[in-house]
Each structure stands twice: as structure tokens, then as C-alpha cells.
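Novice: Predicted model and sequence follow; I will ask about them next.
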Amino acid sequence: QVQLVETGGGLVQAGGSLRLSCAASGRTFSNYAMGWFRQAAGKERELVAAKSWSSGRTYYADSVKGRFTISRDNAKNTVYLQMNSLKPEDTAVYYCAAAGAFSLVVTNRVENWGQGTQVTVSS
């Protein structure tokens, strides 16, 4: 098990930027593939971005390509989600996730979840 704590959410105007951070503790962080999911009110949780443990593979949802960037610092046990050009439709609770393989993250078979952080984008 790995424990995950997200920070960095908040209220921002459309077109603005936010950076989410997810600090991991417990098991060896570098062994895990990491992902960011989001869940808007009344909608299902969806995968936004994912990165393999070696950073060799990356996934982005079509809706965020070119605007969001996922990165990880294994030395700091932290994964980031840089969100630029934010839109009102990006409003959601954002969750950090970890799994033992990249394939598990991208197929939503995640073993470890953070508590979530709210991102609200005003128009």
C-alpha cells in the first residue's frame, strides 16, 4: 500500500493555471505507475493523465491534451499535474492514483487513491 495526499486545488478563472501535487508515502514510490483522475458532479470518474514508473509511457485524455502535463519526481515521491488554459468543464474533484503497472492505471484498476482535491474553474 502507498498513501497519497493531494494538494493544490482551488478556484481559478477560465484560462488560468493550477498545479496539483500528490505526495506519496509507504511503499517504494518509484515502483508505481501514477495517474490523475477526476470526477465532476453527477458524472463518472475519468482518467485524465497517467505516467509509468520510469516515465517512459504517458497517457492523456483527449479533453486535456496540449493543456495538462503530468510529471513525477521519484526522488521527492511526488507526482504533479500542471493544468493550463483551464476551462469550466475542467471543474471536478481530482484524485491521485497509484498502481503496480501502467496498464492498471489506464484501465482504472487502481489499488491506491488519494482523498481528492477540488478544482473549480469559473467562466
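Specialist: Cool, the structure landed.
Novice: contacts, neighbours, all on C-alpha from now
Specialist: Will do.
Novice: ok, now which ones touch L4?
Specialist: Neighbouring residues of L4 by CA atoms under 8 Å, 6 or more residues apart in numbering: 22-25, 96-97, 112-115.
Novice: Kindly confirm my reading that it is in a strand.
Specialist: Yes: with DSSP: H, G, I helix; E, B strand; the rest coil as the criterion, L4 is part of a strand.
Novice: mind checking which helix or strand L104 is in?
Specialist: helix 102-106 (DSSP states H and E).
Novice: ok, N74 to R45 distance?
Specialist: For N74, the distance to R45 (CA to CA, to the nearest Å) stands at 26 Å.
Novice: ugh, wrong one, V79
Specialist: 19 Å.
Novice: Which one's more surrounded, the two?
Specialist: V79 (25 against 16; other CA atoms under 10 Å).
Novice: And for M34, nearest residue in space, chain neighbours not counted?
Specialist: A98 (4.6 Å; CA to CA, 6 or more residues apart in numbering).
Novice: residue contacts, the one you found?
Specialist: 2, 32-35, 105, 110-113.
Novice: who does the helix or strand harbouring it pair up with?
Specialist: According to DSSP H and E, A98 maps onto strand 92-99. Sheet pairing of strand 92-99 (DSSP bridges) gives strand 33-39 (antiparallel), strand 112-113 (antiparallel), strand 117-122 (antiparallel).
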